[in-house]
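Chemist: Just the structure for this:
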Amino acid sequence: MDKINIIDSINSFLSEEFEVDKSLITPQASIKETLGLDSLDFVDLVVLIERNFGFKMAGEEFTKLKTFDDFHGFVYDHMQQKIGA
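Modeler: All right, here's what the predicted structure looks like:
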């Protein structure tokens, strides 16, 4: 899966799961503010990543990601490691 497809997949499931207009999910937008996340939503998001992309993400890792660009890059890098493993 290339980076554009991963970004589109991420944006689609985030838009659906968190009921946010997909056009609001832009590279420099804040994940927390755009999705309106509280601490329980962060847990849900970690579970969604595992379900959609097949790798586990520690909550501490996620809290370091501020923008969607950070998030897209993180998922893409993990997908590349998974393919190379």
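Chemist: CA atoms for contacts and neighbours, from now on please.
Modeler: Will do.
Chemist: The worst-scoring helix or strand of the chain on mean pLDDT packs against which elements?
Modeler: Lowest on mean pLDDT, DSSP states H and E among the helices and strands of the chain sits helix 59-63, with a mean of 77. Judged by 3 or more Cα pairs under 8 Å, 6 or more residues apart in numbering; DSSP states H and E, helix 59-63 is in contact with helix 39-53.
Chemist: what about the helix it packs on, average pLDDT?
Modeler: Average pLDDT, helix 39-53: 86.
Chemist: my guess is residue 28 is in a helix, correct?
Modeler: No: going by DSSP: H, G, I helix; E, B strand; the rest coil, the assignment for residue 28 is coil, not a helix.
Chemist: what's the pLDDT at the residue nearest to the spatial centre of the chain?
Modeler: Centroid check for the chain by Cα atoms, centre = their mean gives residue 71 as the closest residue, at 5.0 Å. Per-residue pLDDT puts residue 71 at 93.
Chemist: So which bits of stretch 24-39 are buried?
Modeler: Within stretch 24-39, the residues scored as buried using 16 or more other Cα atoms under 10 Å are 25, 30, 31, 32, 34, 35.
Chemist: Identify each buried residue in the longest helix along the chain, please.
Modeler: Determined from DSSP state H, the single longest helix within the chain is helix 68-84. Within helix 68-84, the residues that count as buried by 16+ other Cα under 10 Å are 68, 69, 70, 71, 72, 75, 76, 78, 79.
Chemist: Just the pLDDT for the last one.
Modeler: We note a pLDDT of 87 for residue 79 in this prediction.
Chemist: chain center to the least confident helix or strand of the chain, what's the gap?
Modeler: Distance of helix 59-63 from its chain centroid, counting by Cα atoms, centre = their mean, to the nearest Å, is 11 Å.
Chemist: Noted, bye for now.
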